[in-house]
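Asker: Predicted model follows, preceded by the sequence.
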Amino acid sequence: MLSIVLVPVLGALALPTVGRTSTKLRNLLALGLVLYSLIATMVIAGPVIRGEPAATATILSHSLILQADGLALFMAFVSALICAIIVVYSFGYISHYENQGEYYLMVTLFFGAMMGLVFSANLVFLYTFWEITAITSWRLIGFFRQRQHVVRADKAFLVTFFGALLMLLGFIQVYHQYGSFDLTVIKQGLQNQPLSNLAVLLILAGILSKSATLPFHTWLPDAGVAPSPVTALLHAALLVKIGVYVFARLFIATFVVDDFWHTVVPVVAAASALTSAGAALVETDLKRIIAYSTISQIAFIFLGLAVGSPMGIAGAMLYIMMHGLAKGGLFLCAGIVEQNAKTKDVTQLGGLLKTMPITAVSFLLCSFSIMGIPPFGGFFGKYMVMIGAVQSGHLWVTLVFLVGAFMTIVYLMRVFNLVFLGEAKGAAAREGSPTMVGSVASLAALSLVAGILIYYPSQFLQSTMLQLPGVIK
Amino acid sequence: MLSLLLLLPLLIVMILNLPLGRFRSLGFWVALVLSLVQAYTVLFAPAALSGNHDVLGRLFSLGLATDNLSRVLLLSISIVTFASLLVGRQTIREEKQRINFANLVLIAMTGMNGTVLLTDLFSLYVFLEVSAVASFILIAMKRDLNALEGAFKYIVLSAVATILMLSSLAVLLLISGSTSFAAVGSAIKAEGRSPLVVFAVAMFLCGLFIKGGLVPFHGWLPGAYSAAPPAVSILLAGIITKVSGIYALIRLATSVLGPSNSINALLMIVGTISILVGALAALGQTDLKRMLAYSSISQVGYIILGLGCGTDLGIAGAIFHLFNHSIFKSLLFVNSAAIEEQLGTTDMSQMGGLGSRMPVTNVTSLIAFLSTAGLPPLSGFWSKLMIVVALWQSSHGGYAVLAVLASVLTLAYLLTMQRRVFFGILTDRWANVQEAGFGITLPATVLALITVGVGVAFPLMFNSFLLPVASFLK
């Protein structure tokens, strides 16, 4: 289990050296590292699904503790799956830029840190991995090295670092209260003693900044200057989900928090959902629209987690997966469009359905999933979140989210209409390379398949939910 | 054996100045080996450093002693001297200057080793001055206007510090009849409230604040650091001011004054102001070395803040941060030496995209800057974490918040530095810049490895090495 984290982290450091002898070998090695973690996660998941207790592993004389419970395994599986597809897509996308060694190093290191974060049961190591993801995303956002790009990379780093420091103070307050950074130790000595509100507030600031939720959301649309697989990685699959995951890990799986927070967080999330959906309606940059859409969809996940009912939480976790698949697909489609049509401005695009049919269909299928149209995966996530919220008495907030869901349909249809339908403008763009198109098609297919086979993940999640202390039954 | 740490460098300086002809240029290698031997002894043969019956002690009745604190300092001294010597060899072209440089570094080393080992306030002061005099000359080595101005400012402020410390020593000698740490300590304890003692202690503290370059006594520091030749900046920023100001403060606070609320409060205020002023000033700099100098002021503030916290964890964190800071700040100055050497300027507005041309400098500076900003899993994170946890636990939450949020400023100015110098698009002007020579990349690599290694191995060291550092104070 230790190897799930160490293999990608250490392997990443070797990638630039390998790349000097053979770029092909380096690309395959990067994919291999990610696949290794994916397979190892599935191997560990077996016993947990059968109901055996969570596996743990320790090194460094008990200070680094990794724990694989249902929540962690689910998250790790989703991240590894999406990351593997993104790495395959990168083979085509990144092949004609400089600094490829750094690119694969950072992506794989990011992934390894993500795995570490998901499994770690010690707050200090959680923070460590959290910051490693920040460092790598700083390098990745500034990948093209134009001045404006680097400034925006700096902005993303500073905003998330600021949040992370507040979170660290929150962790120190936790240490002050319970005498340990170790979540397993804290859990044993907890006896339903609620976490102090100061700590919750500080940690929440870190989570909101990482997940780009109001009022810390502005770095995310700006980070769209990064290469497309990176924005997919950052926005859709992994980075913004880190915050959400830590929310689930701490406030649902470990600590008991005041009831007060079950009202505040949904309200903040609702505000975030509406403002960003509004922004997505008026933006003209393709990647910024999708980025704002991400902020808006993350709010749904927060709603599900914050209301605290098993249905809501399971829906939120499900939506992490569905949104990761679909939004990753949207960003990768945007990457193909950008690279072949040479612009991201939706007003200058049009009629691409004819020249890049597979990309267009994939974009449409992923959009359906985000919009929440059955039987796509996104529908079940959103539906369960809303049912969960209504059941725990948040009727008005849920109505606001319904408006947000409606806006999602409007702005995604607008984008599809502008980019893929209508008259072709400018030079005819070609379809992307086979690996790139294959990646988006498989993400779109997965969104659909996951929706049809929804029974399995939701069953797994609901049984996991019942073991968590923060769930309101 | 202990006295050899003082005697050997002195002896070598004497021999080097005999008319030996071209053998004198060997002095550089001798000094280099000496720094390595010192590092080796501290790490692998600590028993050799515990002997009390040594020649110098018996001859001059000097009290020499080592504890964990002085061992940490001896190690940093040897590492930074090693880096500075190698960089000096690369950057100082003239043979005669190079010999002078090696000589002065050895004298500074004597001064620093003495400061760290002695258990007597007056002797501590004498050896402070030895390293200070060596550094005046080192700063002025280029002999241009800037260098002379930097050295002059340092001399003037050092003279003020000298007067303050000497007067204070006179008063303390009057009261206690001796200047050994133990005698002065007990005299202060006995007469703690008398205005004269308070006055003497305050004067001594001010003298050390000047030496350590703490706000509001930092005026000399940016000028001296930036005007000095690259190799000297490393030595000055990495270790000389740390030993003569910060180590002496830690020693004074822990071994002489003992726990005292008013002094702790003073230290915490001075530390916090230094952190904030240093970081804000660094944000506005366009010269790389001046930015690093202000950053140094800010980082020293963390050390003083941890010291002022007064708990075991806080002091251990302060000492750990002192060590880490001497490593990563030396590394940043080694990087700036590489840039100054290859580009001939330290003006950041003229640079850009050097990362692709100078890969070793780029990667090592990334490590150093992330460690300075306190990002895990590098060494700087752990020492700052210890300091902040200590502050939080001793219910100084306000200081903890300030200290943590100042890290955002640190990250901000270092990101600016990265953006202007390394990250970004290569400008045509520097399209043919080469990586600096081995004499610069080797110390950079060594220092970067230490920064990463200490950071990664921290959980292993915490209980076995770091906590005992503080508990010797009990």
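Answerer: Nice, thanks for sending it over.
Asker: Spell out which parts of the stretch 251-400 of chain A neighbour chain B.
Answerer: Neighbours of chain B within the stretch 251-400 of chain A, by CB under 8 Å from any CB of the partner chain: none found. Bear in mind the C-beta positions are built from the backbone N, C-alpha and C, glycine included.
Asker: And the residue of the stretch 251-400 of chain A that's closest to chain B?
Answerer: A:F255 (18.2 Å; CB to the nearest CB).
Asker: Run a quick neighbour tally on that residue.
Answerer: 25 (other CB atoms under 10 Å in any protein chain shown).
Asker: where does it fall, phi/psi-wise?
Answerer: Note on A:F255: backbone dihedrals following degrees, to the nearest 10 are phi -90, psi 160.
Asker: which residues does residue 416 contact?
Answerer: Chain wasn't specified; assuming chain A. A:A360, A:F363, A:L364, A:S367 (CB atoms under 8 Å, 6 or more residues apart in numbering or on different chains).
Asker: wrong chain, I was asking about chain B
Answerer: B:T416 neighbours (CB under 8 Å, 6+ apart): A:D154, B:L283.
Asker: quick one on the thing from earlier: my guess is the residue of the stretch 251-400 of chain A closest to chain B contacts A:N197, does it?
Answerer: No: using CB atoms under 8 Å, A:F255 is not in contact with A:N197, being 11.5 Å away.
Asker: A:A316 and A:M386 touch, don't they?
Answerer: No: using CB under 8 Å, A:A316 is not in contact with A:M386, being 10.9 Å away.
Asker: Neighbour count for those two, which is higher?
Answerer: Using other CB under 10 Å, the more surrounded residue of A:A316 and A:M386 is A:A316, with 28 against 25.
Asker: The closest residue to A:R147 other than its chain neighbours: helix or strand, and which one exactly?
Answerer: Nearest non-adjacent residue to A:R147, counting by CB to CB, 6 or more residues apart in numbering or on different chains: B:G424, 6.1 Å away. Using DSSP states H and E, B:G424 sits within no helix or strand.
Asker: How many residues are close by the closest residue to chain A within the stretch 51-200 of chain B?
Answerer: Of all residues in the stretch 51-200 of chain B, B:N68 sits closest to chain A, at 21.2 Å by CB to the nearest CB. B:N68: 18 surrounding residues under other CB under 10 Å.
Asker: Could you pull out the strands in the stretch 1-150 of chain A for me?
Answerer: A:55-59, A:64-68 (DSSP state E, counting those that start in this stretch).
Asker: who's in contact with the last one?
Answerer: What it means is strand A:64-68. A:1-2, A:5, A:44-45, A:48, A:54-58, A:76, A:116, A:119-122, A:125, A:182-184, B:459.
Asker: if we go to 7 Å?
Answerer: Strand A:64-68 has contacts (CB atoms under 7 Å, 6 or more residues apart in numbering or on different chains) with A:1-2, A:5, A:44, A:48, A:54-58, A:119-122, A:125, A:182, A:184, B:459.
Asker: again, but for stretch A:210-226
Answerer: Counting by CB under 7 Å, 6+ apart, A:140-141, A:143, A:148-149, A:152, A:155-156, A:159-160, A:163, A:208-209, A:231, A:234-235, A:240, A:242-244, A:268-269, A:271-272, A:275-276, A:287-288, A:291-292, A:294-295, A:298-299, A:302 sit against stretch A:210-226.
Asker: related to what we said a few turns ago, pick out the shakiest of the strands of the stretch 1-150 of chain A, pLDDT-wise.
Answerer: Looking over the strands of the stretch 1-150 of chain A, mean pLDDT reaches its minimum on strand A:55-59, with a mean of 67.
Asker: Check what pLDDT B:L292 gets.
Answerer: 93.
Asker: What is the burial count for the closest residue to it other than its chain neighbours?
Answerer: Of all residues not flanking B:L292 in the chain, B:L332 sits nearest, at 5.3 Å (CB to CB, 6+ apart). Other residues near B:L332 come to 30 when the count uses other CB under 10 Å.
Asker: What confidence value was assigned to B:L332?
Answerer: The model's pLDDT for B:L332 equals 93.
Asker: surely it meets B:K289?
Answerer: No: with contact defined as CB atoms under 7 Å, B:L332 does not reach B:K289; the gap is 9.5 Å.
Asker: that older thread, now list the buried members of the contacts of stretch A:210-226.
Answerer: Buried by 16 or more other CB atoms under 10 Å in any protein chain shown: A:140-141, A:143, A:149, A:152, A:155-156, A:159-160, A:163, A:208-209, A:231, A:234-235, A:240, A:242-244, A:268-269, A:272, A:275-276, A:287-288, A:291-292, A:294-295, A:298-299, A:302, out of the contacts of stretch A:210-226.
Asker: got the residue ranges for the helices in the stretch 251-400 of chain A?
Answerer: A:259-282, A:286-307, A:310-341, A:352-355, A:357-371, A:377-391, A:395-420 (DSSP state H, counting those that start in this stretch).
Asker: any idea how far the residue lying closest to A:D285 once chain neighbours are set aside lies from A:S137?
Answerer: Leaving out its chain neighbours, the residue that sits closest to A:D285 by CB to CB, 6+ apart is A:K344, at 5.2 Å. Here A:K344 is placed at a distance of 20 Å from A:S137 (CB to CB, to the nearest Å).
Asker: Skipping adjacent residues, who's closest to B:F82 in space?
Answerer: Closest residue in space to B:F82, ignoring its immediate chain neighbours: B:S35 at 4.3 Å, by CB to CB, 6+ apart.
Asker: list the contacts for whichever residue of the stretch 301-450 of chain B sits closest to chain A?
Answerer: Closest approach between the stretch 301-450 of chain B and chain A, counting by CB to the nearest CB: B:P376, at 3.7 Å. By CB under 7 Å, 6+ apart, the contact list for B:P376 reads A:Y127, A:T128, A:E131.
Asker: quick one: the helices in the stretch 201-350 of chain B?
Answerer: Going by DSSP H, counting those that start in this stretch, the stretch 201-350 of chain B shows helices at B:221-227, B:230-235, B:241, B:248-251, B:261-283, B:288-309, B:312-343.
Asker: And the contacts of the shortest one?
Answerer: It refers to helix B:241. Residues from elsewhere that reach helix B:241 (CB under 7 Å, 6+ apart): B:K211, B:G212, B:G213.
Asker: what about the residue in the stretch 101-250 of chain A that chain B sits nearest to, neighbour count?
Answerer: Per CB to the nearest CB, the residue of the stretch 101-250 of chain A with the smallest distance to chain B is A:T128, at 3.7 Å. By the measure other CB under 10 Å, the count of residues near A:T128 is 22.
Asker: For A:I452, which non-adjacent residue is closest in space?
Answerer: Nearest non-adjacent residue to A:I452, counting by CB to CB, 6+ apart: A:P375, 5.6 Å away.
Asker: Look up phi and psi at the one you found.
Answerer: According to degrees, to the nearest 10, A:P375 has phi -100, psi 30.
Asker: which residues of chain A score low on pLDDT?
Answerer: A:49-55, A:58-64, A:190-192, A:234-236, A:425-429, A:466-473 (pLDDT under 70).
Asker: which parts of chain B sit against chain A?
Answerer: With CB under 7 Å from any CB of the partner chain as the criterion, chain B comes near chain A at residues B:353, B:370, B:375-377, B:388-389, B:392-393, B:400-401, B:404-405, B:407-408, B:411-412, B:415, B:419, B:423-425, B:459-460.
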